[in-house]
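Novice: predicted model and sequence follow; I will ask about them next.
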Amino acid sequence: MRSTRFSRYLLAYSVSTFAVIGLATAVTVSAQQSDVGRSMDSADIARPAAPEYVLVRFHADWCKACRGLESNFNALQKSHQSDSLLFITLDLTDEASRRQAEYLAASLRLSDTWVESGLRTGQMMLVSTRTGEATTTIASGIPLEEAERRINAHLSPEYR
């Protein structure tokens, strides 16, 4: 009886040790391939630059107008990848997501935009990071070309 218990213990120990060794090897190989945890010298890291504008999308899953606005938002994001423009979505779907959106807006100094929006979903607001003012509002029914024109009118020439 005692040797049977010991044999089972030894087998369990061997299997778990093998699993741990195998996992450690997999993690080590993965870390070597992706440079996870590698740090750079702080002298080689440039300070992040603040964007010139923030395009804020007010969204809710239940909002029909938001679904129409989503394709324009995604297209604008693709066409302005190299611009000094930050794209964010404030999700107002329910109380929990609204609270997180409120925190995000406050942390990005968009409190005035939060209030000005009236929390109406299905709209985007272009906000200057320099002044904090919303320079234009783009509703869900506005064609993509018009949205592009409105955004480009505010971006600095080096970003167009």
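Specialist: Cool, the structure landed.
Novice: by mean pLDDT, which helix or strand of the chain comes out lowest?
Specialist: Ranked by mean pLDDT, DSSP states H and E, the weakest helix or strand in the chain is helix 2-34, scoring a mean of 45.
Novice: name the SS class of the residue most central in space within the chain, please.
Specialist: The C-alpha lying nearest the average C-alpha coordinate of the chain belongs to Ile88 (C-alpha atoms, centre = their mean; 6.9 Å). Reducing the assignment to helix, strand or coil with DSSP: H, G, I helix; E, B strand; the rest coil, the entry for Ile88 is strand.
Novice: give me the nearest residue to it, chain neighbours excluded.
Specialist: Val56 (5.7 Å; C-beta to C-beta, 6 or more residues apart in numbering). C-beta coordinates here come from the backbone N, C-alpha and C atoms, glycine included.
Novice: which SSE is that neighbour in?
Specialist: Taking DSSP states H and E as the criterion, Val56 maps to strand 53-59.
Novice: what is the mean pLDDT for that strand?
Specialist: For strand 53-59, mean pLDDT is 95.
Novice: which secondary structure elements does that strand contact?
Specialist: Other elements packing on strand 53-59 under the criterion 3 or more C-beta pairs under 8 Å, 6 or more residues apart in numbering; DSSP states H and E are helix 64-79, strand 85-91, strand 123-128.
Novice: please write out the alpha-carbon positions of the first one in PDB.
Specialist: Extracted in PDB, the C-alpha atoms of helix 64-79 (Å, rounded to 0.1, in the frame of the first residue of the first chain):
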ATOM      1  CA  LYS A  64     -28.400  52.700 -34.800                       C
ATOM      2  CA  ALA A  65     -26.700  55.900 -35.900                       C
ATOM      3  CA  CYS A  66     -23.400  54.700 -34.400                       C
ATOM      4  CA  ARG A  67     -23.400  51.700 -36.700                       C
ATOM      5  CA  GLY A  68     -23.500  54.000 -39.700                       C
ATOM      6  CA  LEU A  69     -20.800  56.200 -38.200                       C
ATOM      7  CA  GLU A  70     -18.400  53.300 -37.500                       C
ATOM      8  CA  SER A  71     -17.400  52.800 -41.100                       C
ATOM      9  CA  ASN A  72     -16.500  56.500 -41.500                       C
ATOM     10  CA  PHE A  73     -14.600  56.400 -38.200                       C
ATOM     11  CA  ASN A  74     -12.500  53.400 -39.400                       C
ATOM     12  CA  ALA A  75     -11.900  54.900 -42.800                       C
ATOM     13  CA  LEU A  76     -10.800  58.200 -41.300                       C
ATOM     14  CA  GLN A  77      -8.500  56.400 -39.000                       C
ATOM     15  CA  LYS A  78      -6.900  54.600 -41.900                       C
ATOM     16  CA  SER A  79      -6.500  57.700 -44.000                       C
END
